[in-house]
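Q: Coordinates only, no sequence provided:
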């Protein structure tokens, strides 16, 4: 099967599994990336290895026409911010790999909701590509359990592993799975994270604060102490009775901060100032 794919590095396991299954890549579509939430160095290296064209601009109808003329049969979509034009005149199949148990958590950032909403299980889903985001008939999905201390990075690795297993089945039986795909029922939508959601609230319970830190992971949350804003990359915490007001800086030791929360203490282990020029020394007071 000849295929084109949209991908960032988070979906490289799907690309590799298709090739390992005997499929032939024709073209790669990717985006200009920020180097934090998304990278594309690995997929660009794969494209160079296989000698296929790479396109950074949004896909157009003309691109689909050229794919069809080049003998491409299938478009595989993963991690792509642009709406794809109607493809049915030019290709036999087009599927999207969505990192959630559809029909739940459609949208751009389902993994964030998986952690913030404390799901006990998760999945990656393959569905038919339609003009409605993440709403096409489901071909198959690969479920897996989540732990109580899941973080953005652990979930991402689990999704990549689950994607490999799911892709093997899609590669082996795409025509049959396409014919037997099931319509999606009513579900939920998962918007991207907001600046408000990124903010740590020390009036919350320890468990809720640490859950938020894990959900954003290396993308970092934001905390405010003594009117100074800083990014939080890693934190610990424990429940303990105390008489401090929430959000008070208790200790600053070896660049580790201890901050009071509603039901205990949060230790900020890795942090950086949001605006270094705003450092007035007040954090240490």
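A: Yep, that arrived. All of these numbers come straight from a predicted model, not from anything done at the bench.
Q: residue ranges for the helices of the stretch 1-150 of the chain, please.
A: Along the stretch 1-150 of the chain, counting by DSSP state H, counting those that start in this stretch, helices occupy 12-20, 41-50, 61-69, 110-116.
Q: possible to save the ones you listed as a markdown table with distance to residue 232?
A: Bear in mind the C-beta positions are built from the backbone N, C-alpha and C, glycine included. A markdown table is the format used below for the helices of the stretch 1-150 of the chain (distance: least, CB to CB, whole Å):
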| stretch | distance to residue 232 |
| --- | --- |
| helix 12-20 | 29 |
| helix 41-50 | 27 |
| helix 61-69 | 41 |
| helix 110-116 | 15 |
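Q: Can you say which of the ones you listed is packed in most?
A: helix 110-116 (a mean of 23; mean count of other CB atoms under 10 Å).
Q: Report the mean per-residue pLDDT for that helix.
A: For helix 110-116, mean pLDDT rounds to 95.
Q: Then stretch 65-81?
A: Mean predicted lDDT for stretch 65-81 stands at 95.
Q: first to last residue in it, what's the distance?
A: 21 Å (CA to CA, to the nearest Å).
Q: tell me what the helix or strand where residue 222 lies is packed against?
A: Residue 222 belongs to strand 221-225 when assigned by DSSP states H and E. Contacts defined by 3 or more CB pairs under 8 Å, 6 or more residues apart in numbering; DSSP states H and E place strand 221-225 against helix 195-198, strand 228-239, strand 256-261.
Q: Tell me how the chain divides into domains.
A: Domain assignment for the chain, taken from automatic domain parsing, gives 2-179, 195-284.
Q: Return the most buried member of those.
A: domain 2-179 (a mean of 18).
Q: Tell me how far that domain lies from the chain's centre.
A: Computed by CA atoms, centre = their mean, to the nearest Å, the separation of domain 2-179 from the middle of its chain amounts to 12 Å.
Q: what do you get for stretch 191-206?
A: Centroid separation between stretch 191-206 and its chain, computed with CA atoms, centre = their mean, is 18 Å.
Q: just the strands in the chain please.
A: 2-6, 24-29, 53-55, 74-77, 93-98, 121-128, 138-145, 221-225, 228-239, 249-253, 256-261, 264-273 (DSSP state E).
Q: In CSV: those strands, plus distance to residue 185.
A: Below are the strands of the chain laid out as CSV (distance: least, CB to CB, whole Å):
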stretch, distance to residue 185
strand 2-6, 26
strand 24-29, 30
strand 53-55, 35
strand 74-77, 22
strand 93-98, 15
strand 121-128, 13
strand 138-145, 10
strand 221-225, 34
strand 228-239, 38
strand 249-253, 49
strand 256-261, 39
strand 264-273, 40
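Q: Ok, which of those comes nearest residue 203?
A: The minimum distance between residue 203 and those falls on strand 256-261, with 7.6 Å, by CB to CB.
Q: Can you check what angle separates the closest one from strand 249-253?
A: For strand 256-261 against strand 249-253, the angle by axes from the mean of the first three to the mean of the last three CA atoms, to 10 degrees is 170 degrees.
Q: Which strands or helices does strand 256-261 pack on?
A: Counting contacts by 3+ CB pairs under 8 Å, 6+ apart, strand 256-261 is packed against strand 221-225, strand 249-253, strand 264-273.
Q: In TSV: these, plus mean pLDDT and distance to residue 169.
A: Output for the helices and strands packed on strand 256-261, formatted as TSV (pLDDT from 0 to 100; distance: least, CB to CB, whole Å):
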stretch	mean pLDDT	distance to residue 169
strand 221-225	95	37
strand 249-253	93	52
strand 264-273	96	39
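Q: Now tabulate these in CSV and tack on distance to residue 56.
A: As requested, those are exported to CSV (distance: least, CB to CB, whole Å):
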stretch, distance to residue 56
strand 221-225, 30
strand 249-253, 44
strand 264-273, 30
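Q: Looking at those, which is nearest to residue 42?
A: Going by CB to CB, the one of those nearest residue 42 is strand 264-273, 25.3 Å.
Q: Name the helix or strand of the chain that has the lowest mean pLDDT.
A: helix 195-198 (a mean of 91; mean pLDDT, DSSP states H and E).
Q: Give me the residues contacting it.
A: 112, 116, 212, 216, 220, 221, 222 (CB atoms under 8 Å, 6 or more residues apart in numbering).
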